[in-house]
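*Asks:* Sequence and predicted structure below; questions after.
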Number of protein chains: 2
Amino acid sequence: MRLQTAIDRVSVERAEEIMQKIRGCADIVEIGTSLIKDFGLEGSVSVLKRKFPEQCILADIKTCDEGEYEFRKAYESGADIATVMGFSSMATIRACRNVALEKKKEYMIDLLEVSGEKIEKLAQEFPEAIFCLHLPSDKKGEGFEEMVHREMQNLHGVQKIAVAGSVTFDKLELLKKVGMDIVIVGSAIHKAEDIHAAAKAFAEEIRRQ
Amino acid sequence: MRLQTAIDRVSVERAEEIMQKIRGCADIVEIGTSLIKDFGLEGSVSVLKRKFPEQCILADIKTCDEGEYEFRKAYESGADIATVMGFSSMATIRACRNVALEKKKEYMIDLLEVSGEKIEKLAQEFPEAIFCLHLPSDKKGEGFEEMVHREMQNLHGVQKIAVAGSVTFDKLELLKKVGMDIVIVGSAIHKAEDIHAAAKAFAEEIRRQ
């Protein structure tokens, strides 16, 4: 199981400090949607990738349309992984997939508010994608375990599954048990009093057999 | 019927030139998602609002989650109208609506890929919103007229309806006939050889009784 640490709602300077503190702990650092919309890809992803070239970076660009344009921009800014919303048209997701394959990069399909029926269609057509089970944070973590069990059943044949939204330390055992590939942790790490200690604890628990 | 001109996939300097050329023609200037994701709200919306304080500006931020955070940032950057995706959770759209009402600003719900059933729920709960019928440009304008007729039926009780995606001059008559409130025109204006002439022609046709 891999650890993805999300960085959101901070300045780029603060994001850099956080990346220093979680170095070696996070397999993937997510530059959150808030940093991209506040400062732009150039002002956030490009700047941070130049400072941490060895770090795998996910740009949470949440593409809804204009798939080819947005994915080219994201990868050209230094992202190793970019995200597209699963609710988008199949044409948009295909456009994203095609850019990812051309650039030999990974891409993530965010399943926020996507129906079970659509998830099955996506799992069939995009088996190489990372599928992200996403609980909107506006729901304050409601129904987490039920969602995980329900959604895992819809994702037969998918190899890479990630989960985001209200992930806390106590949920890791459940996530390991169901065979999750990527665990996305946000405020539980970047809002911790000791960010390095929190990231280290998550990383050790995730890597523990 | 009001004219909204969308500016996308250009530099902020080019966006400023376009805004000079369409001054007095566009009721609303849309700072497209591409400018926000490429340069950030501060680098696009704030900069352009400072240069054109009298112009009504829509920030096409396409919020999918984190409604309160994103809408506060959009309005604080100078946007008069901000957009939220209709596929988002009701909790997210309520968070956006609450910020809009608090700031006494308009907000737009983008109906891209939203089911008829969800559209009816949205129309009931958010009658004051601008509802945007959005044909993803990745579909290259397929099925425009059918979509307009079908979606207008789902929007009973909604006062402000906008349409985006592949709008060309020849579609204005249909859109007037169905009582559209806002027509969103992108490349047909900002990619025209004579941008001012194109914007003027759209504005005159739209205002003609």
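*Replies:* Structure received.

*Asks:* Share the number of residues neighbouring A:Thr10, please.
*Replies:* Quick fix: residue A:10 reads Val, not Thr. By other Cβ atoms under 10 Å in any protein chain shown, the residues close to A:Val10 number 17. All C-beta spots, glycine's among them, are computed from the backbone N, C-alpha and C.

*Asks:* wouldn't it be in contact with A:Ser187 here?
*Replies:* No. Using Cβ atoms under 8 Å as the test, A:Val10 is too far from A:Ser187 to be in contact (10.9 Å).

*Asks:* hang on, isn't A:Phe169 packed against A:Ala188?
*Replies:* Yes. Contact criterion Cβ under 8 Å: A:Phe169 and A:Ala188 qualify, at 6.7 Å.

*Asks:* can you dump the C-alpha coordinates of the least confident helix or strand in chain A by mean pLDDT into CSV?
*Replies:* Using mean pLDDT, DSSP states H and E, the weakest-scoring helix or strand in chain A turns out to be helix A:144-154, at a mean of 79. Output of helix A:144-154 as CSV, limited to C-alpha atoms (Å, rounded to 0.1, in the frame of the first residue of the first chain):
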residue,chain,number,x,y,z
PHE,A,144,-16.6,6.0,5.1
GLU,A,145,-16.5,2.2,5.7
GLU,A,146,-19.8,1.5,3.9
MET,A,147,-18.5,3.5,0.9
VAL,A,148,-15.2,1.6,0.8
HIS,A,149,-16.9,-1.9,0.8
ARG,A,150,-19.5,-0.9,-1.7
GLU,A,151,-17.2,0.8,-4.2
MET,A,152,-14.5,-2.0,-4.1
GLN,A,153,-17.2,-4.4,-5.4
ASN,A,154,-17.7,-2.1,-8.5
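
*Asks:* Please spell out which residues along it are buried.
*Replies:* For helix A:144-154, the neighbour count (16 or more other Cβ atoms under 10 Å in any protein chain shown) marks A:144, A:147-148, A:151-152, A:154 as buried.

*Asks:* what packs against that helix?
*Replies:* helix A:116-125, strand A:130-134, helix A:172-177 (3 or more Cβ pairs under 8 Å, 6 or more residues apart in numbering or on different chains; DSSP states H and E).

*Asks:* Any idea which of these gets closest to chain B?
*Replies:* Chain B sits nearest to strand A:130-134 of all the helices and strands packed on helix A:144-154, at 7.7 Å, using Cβ to the nearest Cβ.

*Asks:* All the helices of chain A, residue numbers only.
*Replies:* Applying DSSP state H to chain A gives helices spanning A:12-22, A:33-41, A:47-51, A:67-76, A:90-103, A:116-125, A:144-154, A:172-177, A:187-190, A:195-207.

*Asks:* Flag every residue of chain A that's near chain B.
*Replies:* A:8-9, A:33-34, A:36-44, A:61-62, A:64-70, A:73, A:85, A:87-89, A:91-92, A:95, A:110, A:112-113, A:134, A:136-139 (Cβ under 8 Å from any Cβ of the partner chain).

*Asks:* Select only the buried ones of those in ChimeraX?
*Replies:* Written as a ChimeraX command, the selection of buried residues from the residues of chain A next to chain B, which uses 16+ other Cβ under 10 Å, is:
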select /A:8,9,33,34,36,37,38,39,40,41,42,43,44,61,62,64,65,66,67,68,69,70,73,85,87,88,89,92,95,110,112,113,134,136,137,138,139
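
*Asks:* By proximity to chain B, which residue of chain A wins?
*Replies:* For chain A, Cβ to the nearest Cβ, closest residue to chain B: A:Gly40, 3.7 Å.

*Asks:* Please verify my assumption that that residue contacts B:Asp38.
*Replies:* Yes. Under the criterion of Cβ under 8 Å, A:Gly40 makes contact with B:Asp38 at 5.3 Å.

*Asks:* shared neighbours, those two?
*Replies:* B:Ser44 (Cβ atoms under 8 Å, 6 or more residues apart in numbering or on different chains).

*Asks:* burial count for the residue lying closest to A:Ala192 once chain neighbours are set aside?
*Replies:* Leaving aside its sequence neighbours, A:Ala192 sits nearest to A:Ala198 (Cβ to Cβ, 6 or more residues apart in numbering or on different chains; 3.5 Å). Using other Cβ under 10 Å, A:Ala198 has 21 neighbouring residues.

*Asks:* And A:Ala198, how far from A:Cys25?
*Replies:* Here the distance between A:Ala198 and A:Cys25 works out to 9 Å (Cβ to Cβ, to the nearest Å).

*Asks:* Quote the end-to-end distance of stretch A:36-55.
*Replies:* Length of stretch A:36-55, first residue to last, Cα to Cα, to the nearest Å: 18 Å.

*Asks:* so where's chain A shaky on pLDDT?
*Replies:* Along chain A, the parts satisfying pLDDT under 70 run over A:135-143.

*Asks:* let's see it at 90
*Replies:* Flagging of chain A using pLDDT under 90 yields the residue ranges A:115-116, A:133-157, A:164-171, A:174, A:177-179, A:187, A:190, A:208-209.
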